[in-house]
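Participant: Need the 3D shape of this:
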Amino acid sequence: MFIGHFAPAFLARGITEEAPKLGTLFIAAQLVDWAFSTFAIVGIEKLRIVPGMTAMNPLDLYHMPYTHSLSGTAAWALGFAIVIWLVSRNAIAATWGAIVVLSHWLLDLLAHGPDLTLAGGEEKFGLGLWNSPWIEMPLEIGITLAAFCFYIRRTKGPVVPPLILLGTMLVFQAINWFGPQPQEAGTGIYVTALLSFGILTALAFWVQSTRWHKSLVGLAVSGVRR
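Facilitator: Numbers count the residues shown, from 1 in each chain. Model (predicted):
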């Protein structure tokens, strides 16, 4: 999954004003992929290109115990929650941040082949929807659009910024699905991933500066940036 990972960010922000802001939740949604791409650049975690590895991409994610094991993802979620709590002193915000980080492993469980572990061991898990594009593609687009629409309905503000964010997400996803597949593993793959995460996160911070939650009424709204 790629843009599907951002669905929990939209949902969390739509559910409650006490959740972290959208830009922060976009960081949470892809935090373990930020970490994996960084670790892969320096050789701590690894992937290789195996043509035909799955129907949708040739990525063999054979060594990623620190970011994509369940225990590793949980540790990143806990660390993110601690940072949110230290900054905001809000346990609810910290909890929502952790939930969004942890959602990454659960969504990867649907899409990946058996390359996810519980704690970096030999037993690996993955339901393999990357081998069923007629299921994975509409599922990923569907959950993203549903979560985005929920966020829009639960917040107020101009519609153009979130539509630009959504459009950029869909363009990036189309490139991911239909663009040229990588021929070899290397720094270029990881830098491209980091750049795409950075662009979408920057747009999410922009969107959050233009919208406020519908639970904010009366005098509370006057202090919100529109």
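
Participant: Can you show me the strands along the chain?
Facilitator: Listed in chain order, the strands of the chain (DSSP state E) span 46-49, 59-63, 155-156, 212-213.

Participant: Can you give me the distance of L110 to P161?
Facilitator: 30 Å (C-beta to C-beta, to the nearest Å). From N, CA and C alone the C-beta is placed, and that goes for glycine too.

Participant: my bad, H112
Facilitator: 32 Å.

Participant: Can you tell me how far Y151 is from R211?
Facilitator: 9 Å.

Participant: Between those two, which contacts overlap?
Facilitator: Overlap of the contact sets of Y151 and R211 (by C-beta atoms under 8 Å, 6 or more residues apart in numbering) consists of L22, P162.

Participant: Can you give me the pLDDT of F178?
Facilitator: With respect to pLDDT, F178 has a value of 95.

Participant: what's the neighbour count on it?
Facilitator: The local packing of F178 (other C-beta atoms under 10 Å) involves 8 other residues.

Participant: And it, how far from P133?
Facilitator: Counting by C-beta to C-beta, the gap between F178 and P133 amounts to 11 Å.

Participant: and what of E18?
Facilitator: Using C-beta to C-beta, one gets 38 Å for the distance from E18 to P133.

Participant: Let me have the strands of the chain in JSON lines, adding mean pLDDT as columns.
Facilitator: Putting these into JSON lines (pLDDT from 0 to 100) gives the following:
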{"stretch": "strand 46-49", "mean pLDDT": "95"}
{"stretch": "strand 59-63", "mean pLDDT": "95"}
{"stretch": "strand 155-156", "mean pLDDT": "96"}
{"stretch": "strand 212-213", "mean pLDDT": "90"}
